[in-house]
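**Q** Sequence and predicted structure below; questions after.
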Amino acid sequence: MKLEQAQKIAAEVIKRLSAYCQKIETAGSIRRRKAIVHDIDIVLIPSDPWNLEAEVLALARPFLPKLSGEKLKRFDFNGAQIDLYYATVQTWATLLLIRTGSKENNIRLCSRAKEMGWHLAASGEGLFDEAGKRIAGDTEESIYQALGLPFQRPEER
């Protein structure tokens, strides 16, 4: 679908869920401002998990969610696949970075980390050194900086 249509659907989902979230933001190709969007990625930190779950189920009707777990909920809404990624305050920035992509950018970041003997956790936990100590992940910029790379805005990824 076109970016504008995806943005409208994402805005509606965010409007319906935001009352139950500490933080909520689009990720993926919408955040990268790609002309064509295949699915809608949203990262959120729940503040009211019970009512959030009820609203997600209401959004997913009349279809049952395609995938339901603790960290990801996937369902169709208004003709679009919605992927909700559940974060915590600690995982927010890294999860937003990873779920924004692009796939090529994620591979580049993970490869750079591996070259340094480190690990960038796709779960959003952060960037870890060879001893398993978290060295970055509170902001997207901190990960680029730790990896010795210039920060790229989402639309540059």
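**A** Perfect, thanks for sending it.
**Q** How about residues contacting the helix or strand hosting residue 23?
**A** Following DSSP states H and E, one finds residue 23 within strand 21-26. By C-beta atoms under 8 Å, 6 or more residues apart in numbering, the residues outside strand 21-26 that reach it are 7, 10, 14, 17-18, 31, 40-48, 52, 87, 89, 92, 96. (Each C-beta comes from the backbone N, C-alpha and C, glycine too.)
**Q** Which members of these occur in helices, if any?
**A** Counting by DSSP state H, those place 7, 10, 14, 17, 31, 52, 92, 96 in helices.
**Q** Mind giving me the PyMOL select for those, buried ones only?
**A** What follows is the PyMOL syntax selecting those of the ones in helices among the contacts of strand 21-26 that are buried according to 16 or more other C-beta atoms under 10 Å:
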select buried, resi 7+10+14+17+31+52+92+96
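**Q** show me where pLDDT drops low in the protein?
**A** Scanning the chain for pLDDT under 70 picks out the ranges 62-69.
**Q** For residue 148, see how far away the residue of the chain positioned farthest from its centre is.
**A** In the chain, counting by C-alpha atoms, centre = their mean, residue 131 sits farthest out from the average C-alpha position, at 26.5 Å. Per C-beta to C-beta, to the nearest Å, residue 131 is found 19 Å from residue 148.
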